[in-house]
Structures are given as structure tokens and as C-alpha cells.
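Visitor: coordinates only, sequence not included:
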Ligand SMILES: C=C1C[C@]23C[C@@]1(O)CC[C@H]2[C@@]12CC[C@H](O)[C@@](C)(C(=O)O1)[C@H]2[C@@H]3C(=O)O
Ligand SMILES: O=C(O)CCC(=O)C(=O)O
Ligand SMILES: [Fe+2]
């Protein structure tokens, strides 16, 4: 990857602060075809806000096609890729994440999804077709997972979450990330610690569906400032609970704090579908989940208000704090 003059090396060197960790074998695994999966899934969302889905039914051909289109794009000369940028927030971005000064050892393409498909013209017809085919598969899977969650929580109708993604005004986003091996000038010679590819954060939406190639790097935190390295699995999907789902379950499900470390040997390619509600949607705890006199932990807000506030925040900020009735200690 070509190193841009902005951000500078001082900024990027602040990313080398990660201690090596071992891969964790306790990530919950959900097989949707198994009868107990809805209960396991609820437990995973309560304990981790994160789990892996196997036996998902999305054809490998659809996944590989998108991965190879993405790799072809990221292999283009920087000047070609930059024709699809800068991200505003959609388009091609290189090292700069979001509008508020965050940087990472990553380049990416960010797309908005309008009614099932991507219409942005900054990529080729073949690339767009691979994206649209893949997105329709992961969206269907995300909705099935959300319906299993409703079943596991014993709430009705079972499309109470999934209808938000199915709404034609759903504000969903798709992202392709490419983390080149981190051998930039001055980086590995200064210090052998890992570099941050994508800094720690929670995803603001309802649910994120992540697939990566077999390169490690993704880590999750269980709120104890320790990081757990997620063993990569190119045949499975990883699900993140987003901030909006945490609010809709009044804190019962936890939005998972995660980050990506760049790998010094291999490049990582990830594809993430972020399922979000329509902008006008009120994000609030669902009544059937409230027990007795239980009160909402959050002030009332719409997805538009939350998203606006998120885009004014730094990646690592706890974006829900502003919307909590009682600030956490
Ligand atoms: C620093 C930022 C990038 C981000 C918008 C934000 O201001 C804070 C949230 C970030 C995040 C994290 C999850 C997704 O990757 C993302 C697309 C999103 O919806 O929220 C990114 C935003 C971004 O890269 O534009
Ligand atoms: O690239 C990854 O594996 C995760 C990136 C991520 O968390 C994000 O784009 O929000
Ligand atoms: Fe994320």
C-alpha cells in the first residue's frame, strides 16, 4: 500500500500499541439448523454480543466472487482507486476512518444499500453484480438470525427486528476492508508489536454480518479491557450485536467492542453488512422485553439522531453514553 503524506508517520506509529494475544477457542458457534440454536444465540448475545454462524447456506461461489472482485479493485494503482474517493462517507478510503481523525492500516470501500442493492457508479458492472448478489444473501441470513433471536427471547411478532432491515427505507451499509501486510516504511523496524488495522469500536446499527478471508486480526473485548483474538474462518460468518440492538433489548444484549490488528505477513480482506433501521425509526426497548416496573435505560431517540451523533464521535467513543438516562460509572 502506498503511504500517503496525510496521515503522517507520527499518527500511524501511535497505532503500534498492541500486545500479541493467542487465538480464543470459546467463541459461541450457532448452527441455524439445530433446534437449540435460538437459546444458544440469546446466550451468546448476552455474554459476548458476538457469535459465529456455520452451516449458513450462502453459496461459497457468491462469497469467492465478491472477494476476488474486491481484491482486483484493491490491486489497482492508488490513483485509480482514489477516483472512487474520498469517502463522504461512501466511497474509497485509505487509512483515514470516519470524519474525526481516526486512522488505521486499512483501505476500504463503503457503500450505502438502497432497497437491496448498491447503485454507486464508482465500481465496475461485474463488481456491482457480485456485491448485489452477496448482499441479498447476507441480508436474508441476517433476517433469519434476527427472527431466531425474537423466538429465543419469546417475543412476537418474530419479525420485530428483521422488519427494520426489510423496510425499503432501511439504512443499511456495506463495507469491504483490505488490510495489507503491515510492512510500511519505518513501521516494522521501529517496533515488532502489531499495528492497529481498525481501531476499537462498537457498530452503531442493529446487527453486523462479517466474513473475512483466513487471515487473523479480528479481536473482541468482553468489557474487561482484555482482548480476545477470533480465529479466522473463511467458511463462516461472524455476527456482531450493534448499539441499536443493545437499546432495543434494554441492555440485555451487549454491543460488542471489537478491533482489527494488521498482520505482518498476510493481507486480510473482510466484507461486512451493517443492518440498520430506517432513519425515522424510534430506537427504544421493546415492550414485551420489559419485566414488571422495568424502565428504559435510554432516552428516546431516532436512528437519524443516533447516526448523526455517531458521525460526530471518534471511533473508540462509547456512543451510547449520551443517550443513557443514568451515565454509567
Ligand atoms: C469514526 C467513525 C467511522 C464510523 C463513523 C464514525 O464517526 C464512528 C462510527 C464508525 C462506524 C463503525 C462501524 C462501521 O464500520 C461504520 C460504517 C459505521 O456505521 O460506524 C463506521 C463509520 C465510517 O467508517 O464511516
Ligand atoms: O474488518 C474487519 O474484520 C472488521 C471491521 C469493522 O469492525 C468495521 O468495519 O466496522
Ligand atoms: Fe465494526
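Guide: Looks like it came in fine. What you see is a predicted model, and the numbers here were worked out from it, not measured in a lab. Ligands and ions are numbered 1, 2, ... in the order given.
Visitor: I'd say residue 278 and residue 166 touch.
Guide: No - using Cβ atoms under 8 Å, residue 278 makes no contact with residue 166, being 10.5 Å away. (C-beta placed from N, C-alpha, C; glycine too.)
Visitor: Write out the residues of the stretch 101-250 of the chain neighbouring ligand 2.
Guide: 175, 177, 198, 203, 210, 212, 218 (Cβ under 6 Å from any ligand atom).
Visitor: mind listing the helices for the stretch 151-300 of the chain?
Guide: Assigned by DSSP state H, counting those that start in this stretch, the stretch 151-300 of the chain shows helices spanning 162-166, 187-190, 243-248.
Visitor: Same list as before, those that is, but in CSV and with distance to residue 139 included.
Guide: CSV is the format used below for those (distance: least, Cβ to Cβ, whole Å):
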stretch, distance to residue 139
helix 162-166, 6
helix 187-190, 37
helix 243-248, 16
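Visitor: Of all these, which one is nearest residue 225?
Guide: Proximity to residue 225 (Cβ to Cβ) singles out helix 243-248 among the helices of the stretch 151-300 of the chain, at 19.0 Å.
Visitor: quick one: average pLDDT of the closest one?
Guide: The predicted model assigns helix 243-248 a mean pLDDT of 98.
Visitor: With stretch 178-194 instead?
Guide: 60.
Visitor: if I look at the spatially most central residue of the chain, how far off is ligand 1?
Guide: Geometric centre of the chain, nearest residue: residue 208, 4.8 Å, by Cα atoms, centre = their mean. Distance, residue 208 to ligand 1, using Cβ to the nearest ligand atom, to the nearest Å: 7 Å.
Visitor: Just give the closest residue to that residue, not the sequence neighbours.
Guide: Leaving out its chain neighbours, the residue that sits closest to residue 208 by Cβ to Cβ, 6 or more residues apart in numbering is residue 240, at 4.1 Å.
Visitor: tell me, how many neighbours does the one you found end up with?
Guide: 26 (other Cβ atoms under 10 Å).
Visitor: ok, now which ones touch it?
Guide: 49-50, 202-203, 207-208, 210, 255-256, 258 (Cβ atoms under 8 Å, 6 or more residues apart in numbering).
Visitor: Give me every residue in the stretch 151-300 of the chain lying close to ligand 1.
Guide: So the stretch 151-300 of the chain meets ligand 1 at 173, 175, 201, 203-204, 274 (Cβ under 6 Å from any ligand atom).
Visitor: how does it look with 5 Å?
Guide: Residues of the stretch 151-300 of the chain that fall close to ligand 1, judged by Cβ under 5 Å from any ligand atom: residue 203.
Visitor: Now the stretch 151-300 of the chain against ligand 2: closest residue?
Guide: Going by Cβ to the nearest ligand atom, ligand 2 is nearest to residue 270 of the stretch 151-300 of the chain, at 3.4 Å.
Visitor: separation between the nearest residue to that residue once chain neighbours are set aside and ligand 1?
Guide: Once flanking residues are discounted, residue 270 sits nearest to residue 212: 4.0 Å by Cβ to Cβ, 6+ apart. Distance from residue 212 to ligand 1, counting by Cβ to the nearest ligand atom: 14 Å.
Visitor: May I have the beta-bridge partners of residue 179?
Guide: Residue 179 has these beta-bridge partners by DSSP bridges: residue 268.
Visitor: For the remainder of this discussion, apply numbering that starts at 44.
Guide: In the new count, where the first residue is 44, that last one comes out as residue 222.
Visitor: What's the local residue count around it?
Guide: Neighbours of residue 222 under the rule other Cβ under 10 Å: 27.
Visitor: low pLDDT regions in the stretch 94-243 of the chain?
Guide: 227-237 (pLDDT under 70).
Visitor: try the stretch 244-372 of the chain
Guide: Judged by pLDDT under 70, the stretches of the stretch 244-372 of the chain that qualify are 370-372.
Visitor: returning to that earlier point: hang on, isn't the residue of the stretch 194-343 of the chain closest to ligand 2 packed against residue 251?
Guide: No - using Cβ under 8 Å, residue 313 is not in contact with residue 251, being 10.6 Å away.
Visitor: re the thing from before, which of the contacts of residue 283 sits closest to residue 113?
Guide: Comparing those against residue 113 with Cβ to Cβ places residue 253 closest, at 13.9 Å.
Visitor: Contacts only, for the closest one.
Guide: 261, 280-283, 313-315.
Visitor: returning to that earlier point: next up, the contacts around the residue of the stretch 194-343 of the chain closest to ligand 2.
Guide: Neighbours of residue 313 in contact, by Cβ under 8 Å, 6+ apart: 218-220, 222, 253-256, 261, 303.
Visitor: Try it again at 10 Å.
Guide: 110, 113, 149, 151, 218-222, 240-241, 253-256, 258, 260-261, 275, 281, 303 (Cβ atoms under 10 Å, 6 or more residues apart in numbering).
Visitor: Spell out which parts of the stretch 44-193 of the chain neighbour ligand 1.
Guide: Counting by Cβ under 5 Å from any ligand atom, the residues of the stretch 44-193 of the chain that sit close to ligand 1 are 132, 141, 145.
Visitor: Okay, helices next: where are they in the stretch 44-193 of the chain?
Guide: Under DSSP H, counting those that start in this stretch, the stretch 44-193 of the chain gives helices at 52-56, 80-90, 103-117, 121-124, 168-195.
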